[in-house]
Every structure is written in structure tokens, then in C-alpha cells.
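Enquirer: Build me a structure from this.
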Amino acid sequence: MNKDLSNYRKSYEKGALLLSDTPENPMELFQKWFYEVDKFFSEDETNAMTVSTIGLDGFPKNRVVLLKKYTYEGFIFYTNYNSEKGKSIAKNPHVCLSFFWHGAERQVIIKGKAEKISENLSDGYFESRPRGSQLGAVVSNQSEIIESRNFIERKLETLEKDFEGKEIPRPKHWGGYIVKPVEIEFWQGRPNRLHDRVCYKLQPDYNWVKNRLSP
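Expert: Numbering: from 1, shown residues only. Have a look, this model is predicted:
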């Protein structure tokens, strides 16, 4: 197999990011960018983000999950705590999140520390999920080897009968994480690969310092 991709090129020309136009708190800029992408670039799944962890085998691993909430404190997503990512976070809570919004030619990279959110917050979100998604969280031992798709579908059918007409409780091994950022970089594609990059770093006094980075 030999596929030469050296001629795959795109000129980024949809925006600019000037240091003088950025707020003091990066979460305000994230909110602005998220709103703009969600409104003007509907082809992007705006809340899809890559979560990178260091696995138990020492290798980094990325996977796409959905951001469910963001606040000044951090970014919240939900998963199986016994999954590969959950076990990785339990051993090393330092993670990286990234958003790539190709329509807007923007990227956000977030370094931070993941912590479990409170059980009542996880309960509240679980109760808001569609019933099928609730059952999916119960039926799946995420990341474990299974013999076939038929196996998991039979297991789901059994659970559907068991919980018919009943409330589905949140499994204790399923819930939310909040990633509290220590560094957030905003990237705006520009022509000639002279991209705009602004990086915020959290200081010991909890204020943010921002700098422009070379592309």
C-alpha cells in the first residue's frame, strides 16, 4: 500500500484571531466560539470532542465523546467509569480535550485534570437521557471483549423486559467527569499556514495569562 497525500492542501481563510480581541478569561472565548459554530456551521457536531488519556499500557489514546455541559469551572462529559478511559483517568487524571470545527476552521485544545462529578449531578443527567440510552449504559460493560453483536442485543432485549414499566436506575459505574482546565489554546486557520494561536495558562492565583504563539 502506497498513497501519497503530499498534495492534499487547503487554504484557511474564514477568520482571524487577534490577541487584542480576546477576553481575559478563556471560557468566555470558548463560549463565543461554541455559539458561533453552533449557529453558523450546522454541519459540525459542535459538542463532539476528542478526549485523550494515558492508558494503563503507557500509550496515549484518543476517542470522541460528547461535551454535555461547560461552566467557568470546566467541561463535563459522561461515560462508564470501568471503561478503558475511566481506568486510565483513575490512574492518571491529566487529560487533553480537543475540538476541531472544520466549518469555521477553528480548533481548541484543553489540558486539564478530570474529576468525577457528584452522584446527584450524574443522577440528574441520567434521568434526562432517552430510555434506550439508559438501557445502553446498563447493558454495556464498556471496553470489554464480547463474543458477538448478537450477544449484546440479546442482553438488551432481556433488560427491556426486566425494566418494562419501571424506572431505570443509574448504574454506579456510570457517571460524569469534569475536566478543570489549566491551559486552553485557541487556533484559527489562516492563509499560507500562518495560523493564529492564542494560549491561556492558569496561574497559581487562578488568574489566566494569555500569549500569542507562533504558528
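Enquirer: contact partners of stretch 68-81?
Expert: 25, 27, 30-31, 34, 47, 49, 51, 65-67, 85-86, 90, 97, 110, 112, 116-117, 122, 125-126, 137, 140-143, 173-181 (CB atoms under 8 Å, 6 or more residues apart in numbering). (C-beta placed from N, C-alpha, C; glycine too.)
Enquirer: ditto for stretch 184-203
Expert: Contacts to stretch 184-203, defined as CB under 8 Å, 6+ apart, come from residues 11-19, 22, 26-27, 29-30, 33, 105-111, 181-183, 208-215.
Enquirer: For it, buried residues please.
Expert: 184-190, 195-202 (16 or more other CB atoms under 10 Å).
Enquirer: Who is the residue nearest to the spatial centre of the chain paired with across the strands?
Expert: By CA atoms, centre = their mean, the mean C-alpha position of the chain lies nearest to residue 49, the distance being 3.6 Å. Note on residue 49: beta-bridge partners by DSSP bridges are residue 65.
Enquirer: Which pLDDT value goes with it?
Expert: Per-residue pLDDT puts residue 49 at 98.
Enquirer: How about residue 1?
Expert: Residue-level pLDDT assigned to residue 1 equals 90.
Enquirer: who's in contact with it?
Expert: Residue 1 neighbours (CB under 8 Å, 6+ apart): none.
Enquirer: list the contacts for the residue nearest to residue 94 when sequence neighbours are not counted?
Expert: Leaving aside its sequence neighbours, residue 94 sits nearest to residue 113 (CB to CB, 6 or more residues apart in numbering; 5.9 Å). Residue 113 is in contact with 93-95, 179-180, 182, counting by CB under 8 Å, 6+ apart.
Enquirer: quick one: which of these has the most company?
Expert: residue 179 (26 neighbours; other CB atoms under 10 Å).
Enquirer: so that one is in which element?
Expert: strand 174-188 (DSSP states H and E).
Enquirer: Strands of this protein, residue ranges please.
Expert: 48-54, 60-66, 69-70, 75-80, 94-101, 106-116, 174-188, 196-202, 208-213 (DSSP state E).
Enquirer: Using JSON lines, please lay out those strands together with distance to residue 159.
Expert: As requested, the strands of the chain are exported to JSON lines (distance: least, CB to CB, whole Å):
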{"stretch": "strand 48-54", "distance to residue 159": "27"}
{"stretch": "strand 60-66", "distance to residue 159": "23"}
{"stretch": "strand 69-70", "distance to residue 159": "27"}
{"stretch": "strand 75-80", "distance to residue 159": "15"}
{"stretch": "strand 94-101", "distance to residue 159": "31"}
{"stretch": "strand 106-116", "distance to residue 159": "25"}
{"stretch": "strand 174-188", "distance to residue 159": "14"}
{"stretch": "strand 196-202", "distance to residue 159": "43"}
{"stretch": "strand 208-213", "distance to residue 159": "46"}
